[in-house]
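here's a sequence, model it:
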Amino acid sequence: MKQYAVRITRQALSHMPARIKLTDEEPWRSEGIHRMRVKNYYVYFWIDEDNAKVQVTSVIYVARDQATQLEFMEIE
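Next up is the predicted model:
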């Protein structure tokens, strides 16, 4: 992603990240994975409330098959 897209993402996730909806794809939805579109990319993340952090797990180009790409995502 370009620098401005990274900055937009960081700003959006720094304040109330829970306002961004969970992804529609299972089993990632059940794992609490959120999806946010930034320009031509989907940014997938989960909220670590115990440590007050947002963990970005994947950034995937929107034209890709999201479900297939998400299978490569590691959830820690």
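
which SS state does the residue of the chain most remote from its centre fall under?
No residue in the chain sits farther from the centre than residue 50, which is 18.3 Å out by CA atoms, centre = their mean. Using DSSP: H, G, I helix; E, B strand; the rest coil, the secondary structure recorded for residue 50 is coil.

which stretches of the protein have low pLDDT?
Counting by pLDDT under 70, the chain has low-confidence residues at 1-2, 4-5, 75-76.

can you give me the helices in this protein?
For the chain, the helices defined by DSSP state H cover 3-14, 66-70.

and the shortest one, what does it pack against?
Read that as helix 66-70. Identification of packing neighbours for helix 66-70 by 3 or more CB pairs under 8 Å, 6 or more residues apart in numbering; DSSP states H and E yields strand 53-61. Glycine gets a C-beta too; all of them are placed from N, C-alpha and C.
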